[in-house]
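S.K.: Using only what follows, build the 3D model:
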Amino acid sequence: MLSDTELIEKAIQYISSNSLATIFKDRNILKTVTIVSFDDHNLYVYKNIDSNIKLSKIPHKENVLDKTKQGWSAYLRQGEDFRKYFSKDYKIQNIISGGLCSDFSKLQRNLGTIYTNQESCIATIIHEYAHIYFNNKNPFYYSDREEIVNILDTSIKLYKNKETNLEQKFFIPSYKNFSELFAFCTEYEFSRKYAPTHFSIMNKKITRFLQEHLKKERKKNLKEEDSVLEDPHFFSWILGKILIEKYPSRWHKILFEKTFI
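M.R.: Numbering: from 1, shown residues only. Sure thing, here's the model as predicted:
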């Protein structure tokens, strides 16, 4: 049986070796990844420098939540508490974080999942490496702050009945987004024609929401925080308005065809 720290090192070794070279062809991206694990007393920070794994142990005084320990993510979990333990000159370009494997496995066992042994912990870390790799090779617009701000600004102008440029193409990343977009656009078109009171309230509420989040998005570090576009419902409010105004008679056809908008 490997120790918690050995398990994380094992995951890094798999990534660094040729084991997954056919998948992770761009080795330079992998070199930028920092792993941060944690327990109730320490942060364990791993960097792979020239094929040498460097571990830094940083004491902390935070209350680490079970929901923080029970998963791994391609950002700093419980970052609002942990960021202060990294000096300003400590550069983290891409980060993976999660609870030590013993805590992770125990909590996953309580949840009744398949991620309950040492192999599954390593596989989970590899899974998060894959997120980092894919997002660097194929960045969705919701990891690009300038692009997100532009989308929000376009949507707000449309809700306010202002003219704006609709030439930009937008990518819809998942089936869940397509489904939510279709449902929102249907509700919006129905309300425009047959429920004017609801339509008016809807426009005012969504406009206020988007204006508030536009200010927040301008300040976010999207390597560590989720964009508002990550939520399928909010995504549908933002992109749905653009879709309807850009293709007033074809938006439903476009969604069924699952094309760019």
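S.K.: What pLDDT is listed against Leu255?
M.R.: Predicted confidence (pLDDT) at Leu255: the value is 82.
S.K.: for Val64, same thing?
M.R.: 96.
S.K.: same thing with Lys258?
M.R.: For Lys258, the predicted pLDDT is 65.
S.K.: so what's the backbone phi/psi at Gly112?
M.R.: phi 80, psi 30 (degrees, to the nearest 10).
S.K.: all helices of the stretch 51-200 of the chain, in order?
M.R.: 66-69, 79-82, 101-111, 118-137, 145-159, 175-194, 196-219 (DSSP state H, counting those that start in this stretch).
S.K.: Mean neighbour count and distance to Glu6 for the ones you listed - can I get that in CSV?
M.R.: From N, CA and C alone the C-beta is placed, and that goes for glycine too. Formatted as CSV, the helices of the stretch 51-200 of the chain follow (neighbours: other CB atoms under 10 Å; distance: least, CB to CB, whole Å):
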stretch, mean neighbour count, distance to Glu6
helix 66-69, 16, 18
helix 79-82, 16, 23
helix 101-111, 18, 9
helix 118-137, 18, 9
helix 145-159, 19, 37
helix 175-194, 16, 37
helix 196-219, 14, 39
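S.K.: shaky segments in the stretch 1-150 of the chain?
M.R.: Applying pLDDT under 70 to the stretch 1-150 of the chain flags the ranges 88-93, 138-144.
S.K.: Repeat the analysis, applying 50 as the threshold.
M.R.: Along the stretch 1-150 of the chain, segments meeting pLDDT under 50 span 141.
S.K.: Looking at the helices of the stretch 51-200 of the chain, spot the one closest to Ser17.
M.R.: Closest approach to Ser17 among the helices of the stretch 51-200 of the chain (CB to CB): helix 118-137, 11.9 Å.
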